[in-house]
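> What follows is a predicted structure for the sequence shown.
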Amino acid sequence: MAVVGGSVIGLACAWSIARTHLAREVVVYEPDDSGPDGVPASAAAWVAGGMLAPFSEAWPGEEAVFALGVDSLRRWPEFLRALEPYVPPGPPVRTATHTHMLAVDEADARDLDMAINWAARQPDPTRDAVGPGSGSHPGATTAITGADLRRVTRRELREAEPSLARVARAVYRMDSEGAVDNRVLLAALTRACRAEGVTWERNAVTSLDDVDADRVVLAAGAGSAELAGLPVRPVKGEVLRLRARPGCEDPPRGVVRAFVRGRPVYLVPREGGLVVGATQYEHGDDRQVTVAGVRDLLADAETIFPGVGEYELTEAIAGLRPMSPDNLPFLGVDATDPRLIHATGHGRNGIALTPVTVAAVWAELHSVPVPAAARAAAPDRFSRG
C-alpha cells in the first residue's frame, strides 16, 4: 500500500491503514523532510491555523462543504483519543475548545447573521456515520444545537474574552469548534505512523505509474493536478505566528474569527502566543510573504485584539492551499483506475477534514459505503456527462 503525500492527510491515512492491518506494508512517498520529525515544512498543513470550524465558515449555497465539515468535526474527539499516546512531550494537540465569530460593522453583521441563520437550518449529516472515528452509529440522530452555534451578547463576549476590543456588532459562539496545533498534530501523526511500521520513500513521485503498490492513496495536495489530472489549483495563504512577551495582554482563550471591513481574520491561541491569518491570493506557485499581507493581518488583528501590538513577531510564512472549483476535496476511488484512491484537494480545510477523509479512505478499502457527507466529493463529479 502506498500513500503519495506525507502531510497531514497522507500521514493520517497511512496511520489508519497500518493500525487496522489493511496492508502488510505501508509506504509514504514524500520527498520533503525539512520540518522537525521529518514532516514536510513546505506543505499547507505546516502553515495552517488548525481551526476546526464548519459552523463559523458556513456560507449559503455550500451545503455539501458544510455537511462534510460537520461530519469531520463530530469525528475529531475519537480521532484525538486514538492519537493521544503518540503526542510528543510539550504542548497539547488541542489548543482551543470554542470559537467566537464576530462582525465589526453593520454590513459584516448582516452577512454573519445570514450565514449563521442558514447554518442553523441545515440537517446534521452524521446520522448514518460509520467506520473509524465516526463519533456516531447507523441510525443515530443528531441535530445542530446551541453547542454548535448560538448568538451571544457583547457582555457575554467581554466575560469570555476580556482582552478583546469592544467593537463587535454581532457575535456568535461555537462550543463544538476550536483548534488543534498543526505542528504538534503532524509530529504526533509521524510518531504514530512509525509505531505502526510505516516507512518513507523520499524520492519525488512524477508519475503514479512509477509507484509499485496494489493500492495507492493520493494525498499530494496541489501536486495532485499534475499526477492525476484533477482540477486542483494552489491558492496562497499568509500566516503570522506571534509570541507573548512579559507584561503583554493575555491572548484570547479560544479561537476568535472576525470580519473587519469585509476582510476575514482569525486569531488562534498557541502555547505562549497566537497564530494570525489568513490572506488568500490566486498567485499560482507563490510562497513569498508580502508587506501588504502582513500589514493587513496585523491591522485587522489589532482592531479585534489591541494588545497584539506588544507581541513578538516570530514567523511570517505562506503556504499553498490545494483548492478545487467547488471547495470540496476529492475523496474516493478514481473512475478510470481502480487501484487509485483520491484524498486530496482540501483547500483551506485540510486539517479540519482529516478524520472524515480517513473514514472515506477506510470505507473504500473495505468496499463499504463512504460517509454520506463524502459522496458529494466523488473524484469524477466534474467529468460526468
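On my side now, so go ahead.
> Just give me the longest helix of this structure.
Secondary structure of the chain per DSSP state H: the longest helix is helix 63-83.
> Which secondary structure elements does that one sit against?
When contacts are defined as 3 or more Cβ pairs under 8 Å, 6 or more residues apart in numbering; DSSP states H and E, helix 63-83 sits against helix 182-195, helix 354-366. Using the backbone N, CA and C atoms, a C-beta is placed for each residue, glycine as well.
> among these, which is nearest Phe79?
helix 354-366 (4.4 Å; Cβ to Cβ).
> Can you show me the helices along this structure?
Taking DSSP H to define them, one finds helices in the chain at 8-19, 44-47, 63-83, 106-120, 154-160, 182-195, 224-228, 291-304, 354-366.
> Quick one, which of the ones you listed gets closest to Phe259.
helix 106-120 (3.7 Å).
> How far does that closest one sit from its chain's centre?
With Cα atoms, centre = their mean, to the nearest Å as the basis, helix 106-120 stands 22 Å off its chain's centre.
> which regions of the stretch 51-200 of the chain lie under the pLDDT threshold?
Counting by pLDDT under 70, the stretch 51-200 of the chain contains low-confidence ranges at 127-143.
> returning to that earlier point: and among the helices and strands packed on helix 63-83, the most buried is which?
helix 354-366 (a mean of 25; mean count of other Cβ atoms under 10 Å).
> Could I get the helices of the chain in CSV, plus columns for distance to Asp209?
Below are these laid out as CSV (distance: least, Cβ to Cβ, whole Å):
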stretch, distance to Asp209
helix 8-19, 19
helix 44-47, 26
helix 63-83, 30
helix 106-120, 43
helix 154-160, 54
helix 182-195, 25
helix 224-228, 10
helix 291-304, 39
helix 354-366, 21
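> now for those, which one comes closest to Asp33?
By Cβ to Cβ (comparing all of these), the closest turns out to be helix 182-195, at 9.9 Å.
> hmm, who's touching the closest one?
Residues from elsewhere that reach helix 182-195, judged by Cβ atoms under 8 Å, 6 or more residues apart in numbering: 7-8, 11-12, 14-15, 18-19, 26, 28, 35-39, 45-50, 83, 85-88, 90-93, 351.
> nearest to Leu313, of the helices and strands packed on helix 63-83?
helix 182-195 (17.5 Å).
> Helix 63-83 and that closest one, what's the angle between them?
Between the axes of helix 182-195 and helix 63-83, defined by axes from the mean of the first three to the mean of the last three Cα atoms, to 10 degrees, the angle is 60 degrees.
> What pLDDT does the model give the residue of the chain most remote from its centre?
For the chain, the residue at maximal distance from the C-alpha centroid (Cα atoms, centre = their mean) is Gly247, at 32.3 Å. In this model, Gly247 is scored at 94, pLDDT.
> Report the spatially closest residue to it, excluding sequence-adjacent ones.
Glu310 (7.4 Å; Cβ to Cβ, 6 or more residues apart in numbering).
> And for the one you found, the neighbour number?
Glu310: 13 surrounding residues under other Cβ atoms under 10 Å.
> likewise Gln280?
Gln280, neighbours per other Cβ under 10 Å, totals 17.
> mind checking how far it is from Pro264?
In this view, Gln280 and Pro264 are 9 Å apart by Cβ to Cβ, to the nearest Å.
> which of the residues in stretch 276-288 are buried?
In terms of neighbour count (16 or more other Cβ atoms under 10 Å), stretch 276-288 has its buried residues at Val276, Gly277, Ala278, Thr279, Gln280.
> Out of those residues, flag the one nearest to Arg287.
In terms of Cβ to Cβ, no member of the buried residues of stretch 276-288 lies closer to Arg287 than Thr279, at 12.5 Å.
> which residues sit in contact with that closest one?
Counting by Cβ under 8 Å, 6+ apart, Thr279 has contacts Lys236, Gly237, Glu238, Gly293, Asp296, Leu297.
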